[in-house]
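Engineer: Mind folding the following:
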Amino acid sequence: MAAVFPNEGEEAIGDDITGSNLTLALFRNDYTPVAGSQLANFTVATFTGYAAKTLTGGAWTSTQGAPTTVVYAQQTFTSSADQSVQQIYGYFVHNGSQVLWAERFSDAPYAMQYNGDRILITPALSVGS
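Structural biologist: Numbers count the residues shown, from 1 in each chain. This next block holds a predicted model:
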């Protein structure tokens, strides 16, 4: 028989994962994340104005349920100059040494070319079923 994680256990797991500072980064290579993805699989964005975002531990909101969700405030990545186009395929969240989760945009890629182009991401994690 498989173990059962009650909603409060799922919430505790989500809070543990998001309890320390994490990094939200965009990737520009045409890649689809898989279970075996590692940091080396992602080519980080370099468009003018790009900077990875620090997701502060403890600043997440968790909601128990089936599944339990843990959500961070929406993050905005904005181009600060006109430049050669850079295609952005998705984002990943890491702790400096490991990818914790990653997502390819369903309508990827997004073009970052002009001053003011932006990508908005609301980091979220589902724990359980």
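Engineer: would you list every one of the helices in this protein?
Structural biologist: 7-17 (DSSP state H).
Engineer: so where's it uncertain?
Structural biologist: For the chain, no stretch has pLDDT under 70.
Engineer: Please enumerate the strands of it.
Structural biologist: For the chain, the strands defined by DSSP state E occupy 22-27, 53-55, 61-63, 68-71, 75-78, 86-88, 90-94, 99-104, 110-112, 118-121, 124-127.
Engineer: Dump the ones you listed to CSV, plus mean neighbour count.
Structural biologist: For every residue, glycine as well, the C-beta is placed using N, CA and C. Shown next, in CSV, are these (neighbours: other C-beta atoms under 10 Å):
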stretch, mean neighbour count
strand 22-27, 20
strand 53-55, 16
strand 61-63, 14
strand 68-71, 20
strand 75-78, 16
strand 86-88, 18
strand 90-94, 22
strand 99-104, 16
strand 110-112, 18
strand 118-121, 14
strand 124-127, 18
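Engineer: Nearest approach to Pro6 belongs to which of those?
Structural biologist: Pro6 lies closest, by C-beta to C-beta, to one member of the strands of the chain: strand 68-71, at 9.7 Å.
Engineer: Residues contacting that closest one, please?
Structural biologist: 7, 10-11, 13-15, 17-18, 60-63, 122-128 (C-beta atoms under 8 Å, 6 or more residues apart in numbering).
Engineer: List the neighbouring strands of that strand plus their orientation.
Structural biologist: Within its sheet, strand 68-71 is paired with strand 61-63 (antiparallel), strand 124-127 (antiparallel), according to DSSP bridges.
Engineer: wait, which of these is closest to Ala35?
Structural biologist: strand 124-127 (15.8 Å).
Engineer: got the CA coordinates for the closest one in PDB?
Structural biologist: Taking Å, rounded to 0.1, in the frame of the first residue of the first chain, the C-alpha atoms of strand 124-127 are listed here in PDB:
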ATOM      1  CA  ALA A 124       3.500  28.200  -8.300                       C
ATOM      2  CA  LEU A 125       4.100  24.600  -7.100                       C
ATOM      3  CA  SER A 126       1.400  21.900  -6.600                       C
ATOM      4  CA  VAL A 127       2.100  19.200  -4.000                       C
END
